[in-house]
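Visitor: Make a model of this:
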Amino acid sequence: MELLKCQLPPELWMVICEFMEPDELVKYMGIHSVFYDWTMDLRYREVELKDLQPSRLLKLIEKLKTPDAAGRVRVLTIFPVALQSAIHDDPNGPQAKPFHPLLRAIVQLLRFKQERQRKKARNRLIKERYHDVKDAGQELTGVESVNLLWHATSGVPIHFDETLFTAIKPIFGSNLERLYLEIPLVALVKTHSYLTALDDLEELELDLSEDPMGSASKLDPNIAITSALLPFINRLSRSLRVLSLTIKNHAQLSPLFHGLGYFPRLERLMLNIPFDLHHINNPSDFNRLLVNHPNLRELYITHLSCCMSHQSPREDIGKRWVWSCFQGIAFTDLKTLSLGLTHAFHLRFMNAMTPLAQSLSSLILTEPVLHYADVENVLTFLTAPQLSSLTLFVDTLTPQLLALLAEQRPDLEYLDLKITQCSRAEGIQGPHDEPGFIYGLETYHKSHHQIYSAWKLRRLSIAMWIYTLGPREQPELMKAIAAKLPKLRYPV
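Guide: Below you'll find the model as predicted:
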């Protein structure tokens with residue numbers, strides 16, 4: 001307590017706060033303004049308007065009406081469904097009904113007038129709650145990042161609450177730097193008109209799920225793309241640095257890529273889409289999008305399967321299509337390339353991809369599963385001398401595969417391998433054999449130690465991909481490999 005009476009500089013108090021637990025800071029909130037500000041910043045810097053109990057959510061909204069709390073919020077997560085439920089929540093709950101029909105009729109007659117008064121009072125209460133949300137929205141103008149999570153229930157029509165979005169519209173103002181929308185495409189059609197003041201938005205992430213009504217919906221997703229999605233994205237062309245699109249609709253995406261304009265500041269492009277001939281029937285539209293942005297620094301493309309994914313075209317048509325998507329593209333300063341495609345790495349595709357890899361420092365290939373010959377092809381087109389990070393999904397890890405990577409990329413610093421199994425040597429068929437791999441590595445290292453000794457690898461990650469469970473790290477494999485590499489130490 002003597003320390004609290006000292007006249008210390010504010011900067012020193014801030015350092016002291018960094019070494020204190022949040023529970024300790026709460027105790028001293030009323031003693032010093034530094035503790036108060038620090039605690040309030042921790043409490044309100046990230047706020048979630050989510051599926052709390054209605055009373056708790058309404059209490060949080062009441063607090064956000066004050067500038068002291070709302071002015072500290074920088075990251076805000078909004079669940080419109082949770083807000084709607086809280087606003088329309090009846091604090092009195094439904095009235096219990098007598099079981100006997102005669103008693104029920106008598107009670108209904110006695111309560112008729114009372115029920116009308118109760119409904120009027122409830123409507124006034126709902127109106128007041130909307131007004132509270134609006135007051136909080138007007139104070140939350142300093143928010144820098146917003147996550148809007150729709151979470152519509154499958155099979156239930158989406159109820160777009162115009163009053164609610166009018167109330168929270170001030171949140172989507174000129175101070176917003178990042179916006180993440182996880183929303184059905186049908187809801188975006190109505191929502192995007194409330195997002196018109198995003199003058200300086202730098203990061204836009206759209207996760208567009210399917211219409212929860214399925215075929216019962218009258219809205220054509222292709223019309224929704226051209227009428228809502230395209231105007232919304234193009235309106236932000238001046239400021240966007242990051243654009244991420246996740247599309248889970250059975251829509252034709254060629255008009256989307258054809259209609260997207262030029263984004264002079266765009267540095268990172270992330271596409272999680274059905275990347276196939278059925279959804280992009282004109283590959284030149286996709287190609288045009290990449291050609292128009294030669295200054296991209298990060299490019300991520302991941303294929304999302306849909307009900308038409310199994311309807312593969314003829315092999316020659318598929319090869320020509322994927323080549324047309326990437327041919328003629330040359331990025332001036334691309335540093336990270338991530339591909340999760342179902343297309344095999346055939347020669348024509350690799351030739352088209354070679355210009356993309358000239359300046360890479362990181363390459364991530366999450367699909368398809370690669371065999372030894374595929375890895376050889378991949379390393380052939382990796383001409384970038386500054387490549388320092390490599391992520392691959394390989395079928396079988398063998399000492400020969402490891403030596404191939406060491407020989408072809410001696411300057412590699414980080415290697416991340418997802419595997420389905422490991423084996424003692426190439427060409428040996430069988431189940432996962434960890435002891436065999438360790439024994440084979442020991443034997444192979446004796447005759448090829450110069451390859452391993454020249455490898456500059458500093459970080460290593462190996463995980464076995466187990467379907468339905470996901471990746472599982474393999475510490476014994478990493479430990480055995482680390483023992484053979486001079487610059488790599490375990491744990492890695």
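Visitor: how does the chain divide into domains?
Guide: 3-41, 47-383, 384-492 (automatic domain parsing).
Visitor: what's the least confident stretch among the ones you listed?
Guide: Across the domains of the chain, domain 3-41 has the smallest mean pLDDT, namely a mean of 60.
Visitor: re the thing from before, Serialize the domains of the chain to a markdown table and add fields for mean neighbour count.
Guide: The way it works is simple: take the backbone N, C-alpha and C, and place the C-beta from them, glycine included. Converted to a markdown table, those look like this (neighbours: other C-beta atoms under 10 Å):
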| stretch | mean neighbour count |
| --- | --- |
| domain 3-41 | 13 |
| domain 47-383 | 16 |
| domain 384-492 | 17 |
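Visitor: list the helices and strands the helix or strand hosting Ile364 packs on?
Guide: Taking DSSP states H and E as the criterion, Ile364 maps to strand 362-370. The contact analysis (3 or more C-beta pairs under 8 Å, 6 or more residues apart in numbering; DSSP states H and E) places strand 362-370 against strand 298-303, strand 336-340, helix 372-381, strand 389-397, strand 414-422.
Visitor: Tabulate those in CSV, adding columns for distance to Asp89.
Guide: As requested, the helices and strands packed on strand 362-370 are exported to CSV (distance: least, C-beta to C-beta, whole Å):
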stretch, distance to Asp89
strand 298-303, 40
strand 336-340, 43
helix 372-381, 56
strand 389-397, 47
strand 414-422, 46
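Visitor: sec struct for Leu181, please.
Guide: strand (DSSP: H, G, I helix; E, B strand; the rest coil).
Visitor: List the residues that contact it.
Guide: By C-beta atoms under 8 Å, 6 or more residues apart in numbering, Leu181 lies in contact with Leu148, Trp150, Leu188, Thr191, Glu205, Leu206, Asp207, Leu208.
Visitor: would the fifth one count as being in a strand?
Guide: Yes. Using three-state DSSP, the assignment for Glu205 is a strand.
Visitor: Show me what it bridges to in the sheet.
Guide: Applying DSSP bridges to Glu205 yields these beta-bridge partners: Tyr180, Ser244.
Visitor: Spit out the contact partners of it.
Guide: So Glu205 contacts Arg178, Leu179, Tyr180, Leu181, Val242, Ser244, Thr246, Met270 (C-beta under 8 Å, 6+ apart).
Visitor: tell me the phi and psi of the closest residue to Ser388 other than its chain neighbours?
Guide: Spatial nearest neighbour of Ser388, excluding adjacent residues (C-beta to C-beta, 6 or more residues apart in numbering): Glu413 at 4.5 Å. Phi and psi for Glu413, reported as degrees, to the nearest 10, are phi -110, psi -30.
Visitor: In CSV: the contacts of Glu205, plus distance to Leu334.
Guide: Putting those into CSV (distance: C-beta to C-beta, whole Å) gives the following:
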residue, distance to Leu334
Arg178, 23
Leu179, 25
Tyr180, 24
Leu181, 27
Val242, 15
Ser244, 17
Thr246, 21
Met270, 14
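Visitor: Between all of those residues, which two are separated the most?
Guide: Arg178 and Thr246 (15.5 Å; C-beta to C-beta).
Visitor: if we can go back for a sec, which single one of the contacts of Glu205 is nearest to His303?
Guide: Thr246 (11.8 Å).
Visitor: from memory that closest one sits against Asp207, does it?
Guide: Yes. Counting by C-beta atoms under 8 Å, Asp207 is a contact partner of Thr246 at 4.3 Å.
Visitor: just how off-centre is stretch 458-467 within its chain?
Guide: 21 Å (C-alpha atoms, centre = their mean, to the nearest Å).
Visitor: Quick check: phi and psi on the nearest residue to Leu64 once chain neighbours are set aside?
Guide: Setting aside the residues directly before and after it, Leu64 is nearest to Ala136 in space (C-beta to C-beta, 6+ apart), at 4.0 Å. Main-chain dihedrals, Ala136, degrees, to the nearest 10: phi -70, psi -40.
Visitor: Next up, the contacts around Ala136.
Guide: Counting by C-beta under 8 Å, 6+ apart, Ala136 touches Ile61, Leu64, Lys65, Ala70.
Visitor: Which of those residues fall in helices?
Guide: Among these, the ones falling in helices (DSSP state H) are Ile61, Leu64, Ala70.
Visitor: right, and out of those residues, which lies closest to Arg238?
Guide: Ala70 (28.1 Å).
Visitor: tell me which element the closest residue to Leu219 other than its chain neighbours is part of?
Guide: Residue nearest to Leu219 in three dimensions, not counting chain neighbours: Val186, with 5.0 Å by C-beta to C-beta, 6+ apart. Here Val186, judged by DSSP H and E, is contained in helix 185-191.
Visitor: what residues does that helix touch?
Guide: 148, 150, 152, 158, 160, 162, 165, 181, 183, 206, 208-211, 213, 217, 219, 221, 224-225, 227-229, 232, 249, 251.
Visitor: Pretty sure Leu229 sits in a strand.
Guide: No. Read with three-state DSSP, Leu229 is helix and lies in no strand.
Visitor: just checking, it touches Leu253?
Guide: No. Using C-beta under 8 Å, Leu229 is not in contact with Leu253, being 10.3 Å away.
Visitor: tell me the SS of the nearest residue to Pro399 once chain neighbours are set aside?
Guide: Distances taken as C-beta to C-beta, 6+ apart place Tyr444 nearest to Pro399, at 3.8 Å, with adjacent residues excluded. At Tyr444 the chain is in helix, as set by three-state DSSP.
Visitor: Okay, and the beta partners of Val146?
Guide: Beta bridges link Val146 to Leu76, Leu179, judged by DSSP bridges.
Visitor: need the contact list for it.
Guide: Contacts of Val146 (C-beta under 8 Å, 6+ apart): Val75, Leu76, Thr77, Ile78, Ile171, Phe172, Leu176, Arg178, Leu179, Tyr180.
Visitor: Having no further points to raise, I will conclude here.
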